[in-house]
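Asker: No sequence on hand, only this structure:
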């Protein structure tokens, strides 16, 4: 059962414009409405409160959600 679960990994992609992490079935970014999506990204960041997060301010993130630290 564990082997079956491991093979069902969820594929994710990131927006090249805003670094938002999205499900693989998306074709447009939900934040910036861009269509420059890629599966080549590294690092995973979850922003819970973007208004009070120093990291969100440094990365210019306006919305809560999942983001990639580096996108190719």
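Answerer: Now that the structure is in, tell me what you want to look at. This is a predicted model, so every value here is computed, not measured.
Asker: Touching, residue 35 and residue 29? I think so.
Answerer: Yes - using Cβ atoms under 8 Å, residue 35 is in contact with residue 29, at 7.3 Å. Where C-beta positions appear, they are placed from N, C-alpha and C, glycine not excepted.
Asker: Between the two, which is the more surrounded one?
Answerer: The residue with more neighbours, out of residue 35 and residue 29, is residue 29; 20 against 12, by other Cβ atoms under 10 Å.
Asker: What about the residue lying closest to the more buried one once chain neighbours are set aside, how many residues nearby?
Answerer: Among residues not flanking residue 29 along the chain, residue 15 sits closest, at 4.0 Å (Cβ to Cβ, 6 or more residues apart in numbering). Neighbourhood size, residue 15 [other Cβ under 10 Å]: 25.
Asker: what's across from residue 15 in the sheet?
Answerer: Assessed by DSSP bridges, residue 15 has beta-bridge partners residue 37.
Asker: contacting residues around it?
Answerer: By Cβ atoms under 8 Å, 6 or more residues apart in numbering, residue 15 lies in contact with 22, 29, 31, 32, 34, 36, 37, 71.
Asker: And it, how close does it get to residue 52?
Answerer: Residue 15 is 23 Å from residue 52, where distance means Cβ to Cβ, to the nearest Å.
Asker: you'd agree residue 26 is up against residue 37?
Answerer: Yes - here residue 26 lies in contact with residue 37, judged by Cβ under 8 Å, at a distance of 7.0 Å.
Asker: higher neighbour count, the two?
Answerer: Using other Cβ under 10 Å as the criterion, residue 26 and residue 37 rank with residue 37 on top: 19 against 14.
Asker: check contacts around the more buried one.
Answerer: 13, 14, 15, 16, 22, 26, 27, 29.
Asker: residue contacts, the fourth one?
Answerer: So that's residue 16. Counted by Cβ under 8 Å, 6+ apart, residue 16 has contacts 34, 36, 37, 38, 71.
Asker: ok, residue 62 - how many residues close by?
Answerer: 13.
Asker: For it, grab phi and psi.
Answerer: phi -100, psi -20 (degrees, to the nearest 10).
Asker: pretty sure it is touching residue 50, no?
Answerer: Yes - the pair residue 62 and residue 50 qualifies as a contact (Cβ under 8 Å) at a distance of 6.0 Å.
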